[in-house]
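from the sequence below, what's the structure:
(2 chains)
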Number of protein chains: 2
Amino acid sequence: MSQFENVTLVKEANVYFEGKVTSRTVLFESGEKKTVGIMLPGEYEFSTSQKEEMEILAGKLAFKLAGKDWETIEGKGVFYVPANETFQLKVQSVVDYCCSYLPNE
Amino acid sequence: MSQFENVTLVKEANVYFEGKVTSRTVLFESGEKKTVGIMLPGEYEFSTSQKEEMEILAGKLAFKLAGKDWETIEGKGVFYVPANETFQLKVQSVVDYCCSYLPNE
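The predicted structure is shown next:
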């Protein structure tokens, strides 16, 4: 069990796709921002404005970055999405995730 | 938008009812514990071990405490559940909630 300590948590959730994707925002003293969330089975498309690290904590999904092939994560895993890109997800079983917003290079 | 500051957030989610109810645990310096979560439409039954304050931040649900009638909350609202009781929920639209675990009286 991991913990984020000394953080600010935004109380209200971010709700997408009629609640099938939800997250909450975590702010760090360093200025860093993460969201922790849940995705229920379904197909989703997201766009980034910043570079994102998508850490999968549990569940099973396939992801497709622009111009790349589909890849699968089951259990724990991580992938990165460049800024200003669209990516696709096929969530096969409930996914618990942590998304870190990274400085653009 | 409300925030919890200087808190510890457990990274991994608590997942119930195949992901239709999920929450994350927030720990306060005072020793207080809350969970913030999402409930998708459906019917659920929960049991308490401690007294709980259920604050509804958004959504619509009906709740029934042991020996009481059904009551409805739409939008913001709050109800309390005594320790060691079972209560029922009918969630009608995606509910964003914050549950505070209160000292038993």
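
residue ranges with poor pLDDT in chain A?
A:105 (pLDDT under 70).

report the distance from the longest strand along it to the chain centre.
As assigned by DSSP state E, the longest strand anywhere in chain A is strand A:86-102. What separates the centre of strand A:86-102 from the centre of its chain is 4 Å, taken as C-alpha atoms, centre = their mean, to the nearest Å.

list the buried residues for it?
Residues of strand A:86-102 classed as buried by neighbour count (16 or more other C-beta atoms under 10 Å in any protein chain shown): A:F87, A:L89, A:V91, A:V94, A:V95, A:D96, A:Y97, A:C98, A:C99, A:S100, A:Y101, A:L102. C-beta here means a position set from N, CA and C on the backbone, and glycine is covered the same way.

just list the residues touching the residue nearest to the second one when sequence neighbours are not counted, thanks.
So the one you mean is A:L89. Of all residues not flanking A:L89 in the chain, A:Y44 sits nearest, at 4.7 Å (C-beta to C-beta, 6 or more residues apart in numbering or on different chains). A:Y44 makes contact with A:Y16, A:F17, A:K20, A:V21, A:Q88, A:L89, A:V91, according to C-beta atoms under 8 Å, 6 or more residues apart in numbering or on different chains.

at 10 Å what do you get?
A:Y16, A:F17, A:K20, A:V21, A:L61, A:F63, A:F87, A:Q88, A:L89, A:K90, A:V91 (C-beta atoms under 10 Å, 6 or more residues apart in numbering or on different chains).

same check on A:G77?
A:M54, A:E55, A:I56, A:L57, A:G59, A:K60, A:L61, A:F63, A:E71, A:Y97.

at 6 Å instead, please
By C-beta atoms under 6 Å, 6 or more residues apart in numbering or on different chains, A:G77 lies in contact with A:I56.

and A:W70, by the same measure?
Contacts of A:W70 by C-beta under 6 Å, 6+ apart are A:A62, A:K64.

same thing but at 8 Å, please
A:A62, A:F63, A:K64, A:K90.

run a quick neighbour tally on A:E5.
Each residue near A:E5 was counted by other C-beta atoms under 10 Å in any protein chain shown, and the total is 11.

kindly report the same for A:L9.
Residues near A:L9, counting by other C-beta under 10 Å, number 22.

how far away is A:A62 from B:V26?
32 Å (C-beta to C-beta, to the nearest Å).

cool, A:I56 as well?
Taking C-beta to C-beta, one finds A:I56 at 22 Å from B:V26.

returning to that earlier point: the helix or strand where the residue nearest to A:L89 lies versus strand A:86-102: what angle between them?
A:Y44 is part of strand A:42-47, with elements assigned from DSSP states H and E. Computed by axes from the mean of the first three to the mean of the last three C-alpha atoms, to 10 degrees, the angle separating strand A:42-47 from strand A:86-102 equals 60 degrees.

and strand A:42-47, which strands flank it?
Note on strand A:42-47: by DSSP bridges, its sheet partners are strand A:86-102 (antiparallel).

what two of the buried residues of strand A:86-102 are the furthest from one another?
The span of those, defined through C-beta to C-beta, is set by A:V94 and A:L102 at 25.4 Å.

please consider this matter closed, and thank you.
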